[in-house]
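Engineer: next one to model:
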Amino acid sequence: MAQAGNTAVRKAIISSTTAIRLNRTSCRTLASSAAIIADLLPDSVKDAVKISVLDEISRHDSKLWGDETAVNAINTNNGAHYDSNGSSRGNHISSNTSNNSSNLNGSASHPESSSLSSSSNNEDDIINEPISPTRLEMLHDPLDKWYLDTQPSASPFMPTSPGSSDPFALAKMDLQSLSEGIRRDLIGSDHPVLARAASYFFEEGHDGGKKVRPMMVLLLSRAMALHSTSSSTDMNTNTDSQLNQQQHQQHQHQSQQLSTDDNNKQQYYIPTPQIWQRQDLFQAQRRLAEISEMIHTASLFHDDVIDGSDTRRGSPSVHKVFGNKMAILAGDYLLARASIFLARLRDVEVVETMSTIIEHLVRGEVMQMKGTITSSTTSNTSATDLGKERLIQYLRKNFYKTASLMANSCKSAAILGGYNDTVVAAAYRYGKHLGVAFQLVDDILDFDGSASVMGKPALADLHAGLATAPVLFAAEMFPMEMQPLMERKFREEGDVEMAVDLVRRSDGIARTKDLAQVHVELAIDAILELDQSVYRDSLIHLGHKVLRRTH
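Structural biologist: Predicted structure coming up:
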């Protein structure tokens, strides 16, 4: 009897194994068939499919990127209840009412089913519970205002505070130790080649980046610390108001001292957290600055592989030293390590905000792969409207690839500090507009800068087939000449030289400078919402330095 049972078991195992093998074989056959079919398709069909996919993905309102939960949350904000610190308590009453209506209609008559459904719905409400409307709108910025018709002012605001408010001088001590801290504390791998590749741009000799992103986070963190105590999210706090007032007076005294003390004391200034803030606040904000630089560096690794760039920061690109595969893996590894240390900040809203940056980097790269809007896809659009559409698409792409990291890093520094929506929004707008201006100036330097100063070849964007702001503005003046060049991505012999000539003969560079100044002024307007301090003024000076930068 036992033997018969064992025989049956063996037969069952053999049958199962045979079925698995057959299943694997059929899967291989299907995969092989798909590969054969793909090989048989003409290149024109493959290109058409690729273009269709890129067209859909690169649309700003594409459902492939859509976050329906977020959109629904924005649309239903009026129905939610927000407490004093701006967080939503959700529409639990509406959910319960809906469930009761279902019971009355007979669609959920079983008590256990009703209870389970109610519990499930409430859990969904908690999981998808939106943050405050202001912060939700920042997280899903519609990117519908680019100020293309706004003229820059004749004399942008420049602070005249006593003492030095040079951002690079104030952040010097922080930035000197930043790369070492990332190398020592954040990058750790048992694989020697991966560790070397990941830390390539954080090592001496290759560490030539401007580190604008972490600088913004660190200076902004200090500026917000010296802002008034009324910036707390919790306006109904039960803490001792007299103690709050004492701390506010202490911060004002520190601000006055920093305006007159020497630079060394300013550089070593570590803000004292308010009683309503986390007590490791500045350490957390410094770690955020490191994470921001890691995400930026990872994006450079990937960009250089995609663009085939040979140099970066005056040194060979990572993929030229370690190969394409290791460069991609090193970039992925940096993002993974950044994500780990981001989670250790123990702030869910900061994790969500910083994670959005990575999505934006991908969206921006896809939009760049797609290229500029062509006349064939907008046959009913006038030349003026087509030029504007191209500029808007280009600026959105720039936001995703450059400005989002600055905007959301600044916003996250404010969130970590527990500041109210007004301060968080000001931090976000400062980073966003300065980021847009930074990339516009980069576009100008691609024409006016030299390889030795820029650390990368001149006209690199044109050689990569990219139509940047000076080109798009020039296309409005010379549409018949520039449009064919853009549509074939400057691939034919003489295209790059002709595009440069058209840009030089047009007002493309001047209009790009004007637009960059407009966005710097918007960034300054945002940061002026903070109380005056040497650090707030340094962020204003940083905007002016972005406009005047030569590399």
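
Engineer: can you report how many residues lie near the closest residue to S221 other than its chain neighbours?
Structural biologist: Spatial nearest neighbour of S221, excluding adjacent residues (CB to CB, 6 or more residues apart in numbering): Q285 at 4.1 Å. For glycine as for every other residue, the C-beta is placed from the backbone atoms N, C-alpha and C. Other residues near Q285 come to 23 when the count uses other CB atoms under 10 Å.

Engineer: where does Q285 land in three-state SS?
Structural biologist: Assigned with DSSP: H, G, I helix; E, B strand; the rest coil, Q285 falls in the helix class.

Engineer: surely it and L218 touch.
Structural biologist: Yes: at 7.1 Å, Q285 counts as touching L218 under the criterion of CB atoms under 8 Å.

Engineer: once you drop chain neighbours, what's closest to T150?
Structural biologist: Excluding its sequence neighbours, the residue lying closest to T150 (CB to CB, 6+ apart) is V518, at 5.0 Å.

Engineer: host element of the one you found?
Structural biologist: Under the criterion of DSSP states H and E, V518 resides in helix 508-527.

Engineer: still on that earlier bit, next up, the contacts around the residue nearest to T150.
Structural biologist: Applying CB atoms under 8 Å, 6 or more residues apart in numbering, we find V518 in contact with Y147, T150, Q151, P152.

Engineer: for the last one, what are phi and psi?
Structural biologist: For P152, the backbone dihedrals are phi -70, psi 160 (criterion: degrees, to the nearest 10).

Engineer: check the third one too.
Structural biologist: Main-chain dihedrals, Q151, degrees, to the nearest 10: phi -90, psi 140.

Engineer: could you check the pLDDT of the nearest residue to it once chain neighbours are set aside?
Structural biologist: Leaving out its chain neighbours, the residue that sits closest to Q151 by CB to CB, 6+ apart is D514, at 7.0 Å. What the model reports as pLDDT for D514 is 97.

Engineer: and D514, how far from P152?
Structural biologist: 5 Å (CB to CB, to the nearest Å).

Engineer: okay, now the residue nearest to Q151: neighbour count?
Structural biologist: Around D514 there are 15 other residues, counting by other CB under 10 Å.

Engineer: wait, doesn't it sit right on D149?
Structural biologist: No: applying CB under 8 Å as the test, D514 and D149 come out as separate, 10.8 Å apart.

Engineer: if we can go back for a sec, buried ones only from the contacts of V518, please, as a ChimeraX command.
Structural biologist: The ChimeraX command for the buried members of these (criterion: 16 or more other CB atoms under 10 Å) is given here:
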select :152
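
Engineer: and which of the contacts of V518 is nearest to H302?
Structural biologist: When the contacts of V518 are ranked by distance to H302 (CB to CB), Y147 comes first, at 30.2 Å.

Engineer: re the thing from before, other SSEs contacting the following helix or strand past the helix holding V518?
Structural biologist: Following helix 508-527 in sequence order, the next helix or strand is helix 534-548 (DSSP H and E). Contact here means 3 or more CB pairs under 8 Å, 6 or more residues apart in numbering; DSSP states H and E; on that basis helix 534-548 packs against helix 167-170, helix 212-225, helix 241-260, helix 421-448, helix 508-527.

Engineer: 6 Å - rerun?
Structural biologist: helix 167-170, helix 212-225, helix 421-448, helix 508-527 (3 or more CB pairs under 6 Å, 6 or more residues apart in numbering; DSSP states H and E).

Engineer: so which of those helices is nearest D307?
Structural biologist: Of all those, helix 421-448 comes closest under CB to CB, at 12.7 Å.

Engineer: pull out the buried positions in that closest one.
Structural biologist: For helix 421-448, the neighbour count (16+ other CB under 10 Å) marks 421, 423-447 as buried.

Engineer: what angle separates that helix from helix 212-225?
Structural biologist: Following axes from the mean of the first three to the mean of the last three CA atoms, to 10 degrees, one obtains 150 degrees for the angle between helix 421-448 and helix 212-225.

Engineer: can you give me the angle helix 421-448 makes with helix 508-527?
Structural biologist: 160 degrees.

Engineer: packing partners for helix 421-448?
Structural biologist: Other helices and strands packing on helix 421-448, by 3+ CB pairs under 6 Å, 6+ apart, are helix 133-139, helix 404-416, helix 469-477, helix 508-527, helix 534-548.

Engineer: same list (those helices) but as TSV, adding distance to H319.
Structural biologist: Output for the helices and strands packed on helix 421-448, formatted as TSV (distance: least, CB to CB, whole Å):
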stretch	distance to H319
helix 133-139	33
helix 404-416	21
helix 469-477	27
helix 508-527	30
helix 534-548	29
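
Engineer: mean neighbour count, those helices: which tops it?
Structural biologist: Counting by mean count of other CB atoms under 10 Å, helix 404-416 has the highest mean neighbour count of these, with a mean of 28.

Engineer: who's in contact with that one?
Structural biologist: Contacts made with helix 404-416 from outside it, assessed by CB atoms under 6 Å, 6 or more residues apart in numbering, are listed as 213, 216-217, 220-221, 284-285, 288, 292, 296, 349-350, 353-354, 357, 360, 423-424, 427-428, 430-432, 435.

Engineer: where does the protein have low pLDDT?
Structural biologist: Within the chain, the segments meeting pLDDT under 70 span 1-40, 43-130, 160-163, 204-209, 228-268, 375-381, 450-456.

Engineer: so who does P192 touch?
Structural biologist: By CB under 6 Å, 6+ apart, P192 has no neighbours at all.

Engineer: quick one: it and L515, what's the gap?
Structural biologist: For P192 relative to L515 (CB to CB), the value is 46 Å.

Engineer: tally of neighbours for the residue nearest to L345 when sequence neighbours are not counted?
Structural biologist: Closest residue in space to L345, ignoring its immediate chain neighbours: A284 at 5.5 Å, by CB to CB, 6+ apart. Residues near A284, counting by other CB under 10 Å, number 22.

Engineer: and what of the one 10 residues further on?
Structural biologist: Applying other CB under 10 Å, we find 26 other residues in the vicinity of M294.

Engineer: what's the answer for V496, then?
Structural biologist: Neighbours of V496 using other CB under 10 Å come to 17.

Engineer: excluding covalently adjacent residues, which one is nearest to it?
Structural biologist: The shortest distance from V496 to any non-neighbouring residue, by CB to CB, 6+ apart, is to L462 (4.8 Å).

Engineer: so that neighbour sits against G494, correct?
Structural biologist: No: L462 is beyond contact range of G494, at 12.0 Å (criterion: CB atoms under 6 Å).

Engineer: and those two? which has more neighbours close in?
Structural biologist: Comparing L462 with G494 by other CB under 10 Å, the one with more neighbours is L462, at 23 against 9.

Engineer: which ones are touching that one?
Structural biologist: Counting by CB under 6 Å, 6+ apart, L462 makes contact with F490, V496, A499.
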